[in-house]
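*Asks:* curious how this folds, go ahead:
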Amino acid sequence: MLQGISNVFKIPDLKRKILYTALILIIYRLGSFIPIPGINSSALKDFLGGASSQGGNIFGMFDLFVGGNLGRASVFALGIMPYITTSIVIQLLGGVLPFFERLKKEGAEGQKKINQYTRYGTVLIAAFNAIGISMFLQRVVEGAVPHSGIIFTFTSVVTMVTGVMFIMWLGEQITEHGIGNGISLIIFAGIIARYPAGFWNMYLMIKAGAMSIFMAVFVLIIMIAVTASVVLITEANRKIPVQYAKRIIGRKVYGGQSTHIPLKVNTAGVIPIIFAQSIIMFPRTIATFFKDSNFMISLVNLLSPGAFLYTILYVGLIIFFAYFYTAMVLNPVEMAENMKKYGGFIPGRKPGKKTAEYINNVLVRITLPGAVFFAFVAVLPEFMSKWSNLPFYFGGTGLIIIVGVALDTLQQIESHLVMRHYEGFMKKGKLRGRRG
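*Replies:* This is a model prediction of the structure:
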């Protein structure tokens with residue numbers, strides 16, 4: 001491992017990419033502390049309270065993704081979430097609307113057009129979100145905007161939309177000139193920036209006697225075990241063997257080789273958790289605006305993290321969206337037709353309809369354990385906070401994103417090392433070997 005890290009800096013091109021990525025991430029973090037003009041960030045922070053750290057409502061969940069930028073009322077208050085939302089919507093539309101489906105099949109040119117539509121959609125969603133946050137700050141958060149009015153609304157909306165566009169540009173620069181996926185790394189940086197302060201608070205609690213050393217060690221062991229399990233499930237896949245028939249054209253023999261289709265246990269990734277959180281927290285967030293209504297107060301209690309109804313709905317929605325998203329992005333019929341077109345077949349299965357049915361059955365079986373495990377990771381933070389009094393948010397969406405982005409970036413660095421005949425980070429058990 002140490003040899004692999006030292007090899008990274010022996011390759012000038014790879015070293016330049018890593019340093020460039022680090023510089024862009026530093027710029028992003030510095031911008032996170034520049035406030036929007038005309039906002040009393042202390043009042044906003046008091047209003048959000050523990051929501052940012054515990055994900056208690058939709059604003060807390062949003063603040064988690066943007067690295068605390070909403071709680072600080074920074075120019076990056078919207079983070080990169082409008083871009084992520086637009087990307088997910090367009091990806092889902094690709095499986096529903098023929099127009100986007102055709103673009104996906106047009107290769108590089110089609111992807112270029114999709115990227116352009118994604119940028120346009122990002123600006124529209126960012127403007128919509130910025131207007132909503134501006135109204136929210138002026139009308140709901142007492143004392144957050146000392147001088148409200150049309151001037152503040154215009155200034156804050158322009159500032160936040162410009163911040164989203166700048167972050168989007170930073171992400172594209174990392175993707176083009178750095179290492180890893182730029183957008184993912186920006187989200188990664190925002191989430192992981194919370195952990196140093198969280199561990200420091202944990203140390204202060206131990207020092208003050210609010211948490212025993214035994215409990216702290218036990219919590220750290222659980223954190224390591226859960227993280228390792230997330231890595232395992234993220235990388236796990238089911239390999240379906242595929243055999244290609246031999247074809248003789250003239251004097252040459254084509255095909256005849258054996259390969260496989262790797263179907264990931266968790267094809268949907270973190271998206272089911274994001275969808276489930278958004279749906280279940282939306283009514284609860286609306287209910288918090290009606291503090292005088294007994295019905296709304298009851299609704300808030302029922303849909304609070306840790307409540308029985310909340311947990312049941314949350315887990316059920318995650319499993320549902322795991323199947324829904326997998327069905328949207330993977331088409332067994334199309335996979336079977338492509339295999340048939342190039343002379344491929346699954347041993348023991350007839351090409352065409354039978355092959356599609358077999359692939360679909362495999363997807364149904366492997367999606368369930370992945371969805372159940374990620375549902376467990378999603379509800380883990382609430383139990384960790386209550387059981388161990390952990391002073392920061394561990395698990396859930398943040399952990400899955402951190403693991404996924406870290407693995408993807410490490411695999412890109414690994415490929416650079418192997419391509420230039422250097423020893424990578426792992427030997428026999430390296431990640432890309434398990435991917436097959």
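
*Asks:* okay, buried residues for stretch 384-398 please.
*Replies:* The neighbour-count check on stretch 384-398 (16 or more other C-beta atoms under 10 Å) flags 384, 385, 388, 390, 391, 392, 393, 394, 395, 396, 397, 398 as buried. In short, each C-beta sits where N, CA and C put it, glycine included.

*Asks:* kindly report the same for stretch 350-359.
*Replies:* Buried, per 16+ other C-beta under 10 Å, within stretch 350-359: 351, 355, 356, 358, 359.

*Asks:* looking at these, which one is closest to residue 69?
*Replies:* residue 359 (42.1 Å; C-beta to C-beta).

*Asks:* what sits closest to that closest one if chain neighbours are left out?
*Replies:* residue 332 (4.0 Å; C-beta to C-beta, 6 or more residues apart in numbering).

*Asks:* show me what contacts that neighbour?
*Replies:* 355, 356, 357, 359, 360, 363 (C-beta atoms under 8 Å, 6 or more residues apart in numbering).

*Asks:* just residue 403 next, same as before
*Replies:* Contacts of residue 403 by C-beta under 8 Å, 6+ apart are 227, 230, 231, 234.

*Asks:* please list only the buried members of those residues.
*Replies:* Buried, going by 16+ other C-beta under 10 Å: 227, 230, 234, out of these.

*Asks:* ok, the first one to residue 172 distance?
*Replies:* Looking back up the chat, that one is residue 227. According to C-beta to C-beta, to the nearest Å, residue 227 and residue 172 sit 29 Å apart.

*Asks:* what do you get for the last one?
*Replies:* Distance check for residue 234 against residue 172: by C-beta to C-beta, it reads 25 Å.

*Asks:* same check on residue 137?
*Replies:* Distance from residue 137 to residue 172, by C-beta to C-beta: 29 Å.

*Asks:* sorry, back to before: and of the buried residues of stretch 350-359, the nearest to residue 29?
*Replies:* Using C-beta to C-beta, those come closest to residue 29 at residue 359, 43.6 Å.

*Asks:* in a strand, the closest one, correct?
*Replies:* No. Under DSSP: H, G, I helix; E, B strand; the rest coil, residue 359 sits outside any strand and is assigned helix.

*Asks:* who's in contact with it?
*Replies:* 240, 261, 263, 332, 335, 336, 346.

*Asks:* show me those residues that map onto strands.
*Replies:* 240, 261, 263 (DSSP state E).

*Asks:* separation between the last one and residue 168?
*Replies:* Here the distance between residue 263 and residue 168 works out to 32 Å (C-beta to C-beta).

*Asks:* can you check the first one too?
*Replies:* From residue 240 across to residue 168, the span is 37 Å (C-beta to C-beta).

*Asks:* domain-wise, how is the protein divided?
*Replies:* Domains of the chain are assigned by automatic domain parsing as 1-194, 211-392.

*Asks:* turn those domains into TSV, including mean pLDDT and distance to residue 402.
*Replies:* Output for the domains of the chain, formatted as TSV (pLDDT from 0 to 100; distance: least, C-beta to C-beta, whole Å):
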stretch	mean pLDDT	distance to residue 402
domain 1-194	80	6
domain 211-392	80	8
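
*Asks:* among these, which is nearest residue 406?
*Replies:* domain 1-194 (7.2 Å).

*Asks:* ok, back up a step: and of the contacts of residue 359, the nearest to residue 163?
*Replies:* residue 263 (38.7 Å).

*Asks:* not counting sequence-adjacent ones, nearest residue to that closest one?
*Replies:* Using C-beta to C-beta, 6+ apart, the closest residue to residue 263 is residue 238 (4.7 Å).

*Asks:* contacts for the helix or strand where the one you found lies next, please.
*Replies:* Taking DSSP states H and E as the criterion, residue 238 maps to strand 237-244. Identification of contacts with strand 237-244 by C-beta under 8 Å, 6+ apart yields 255-265, 339, 342-347, 358-359, 362, 366, 435-436.

*Asks:* chain center to it: distance?
*Replies:* Counting by C-alpha atoms, centre = their mean, to the nearest Å, strand 237-244 is centred 28 Å from the centre of its parent chain.

*Asks:* and it, which strands flank it?
*Replies:* Using DSSP bridges, strand 237-244 pairs in its sheet with strand 258-264 (antiparallel), strand 344-345 (antiparallel).

*Asks:* what about residue 119, how many neighbours?
*Replies:* Residues lying near residue 119 (other C-beta atoms under 10 Å) number 14.

*Asks:* check the secondary structure at it for me.
*Replies:* Quick answer, by three-state DSSP: residue 119 is helix.

*Asks:* who touches it in this structure?
*Replies:* residue 168.

*Asks:* measure it to residue 76 for me?
*Replies:* Relative to residue 76, residue 119 is positioned 18 Å away (C-beta to C-beta).

*Asks:* ok, now how distant is residue 220 from residue 204?
*Replies:* 16 Å.

*Asks:* what do you get for residue 344?
*Replies:* Applying C-beta to C-beta to residue 344 and residue 204 gives a distance of 60 Å.

*Asks:* surely residue 74 touches residue 31?
*Replies:* Yes. Using C-beta atoms under 8 Å as the test, residue 74 is close enough to residue 31 to be in contact (7.0 Å).
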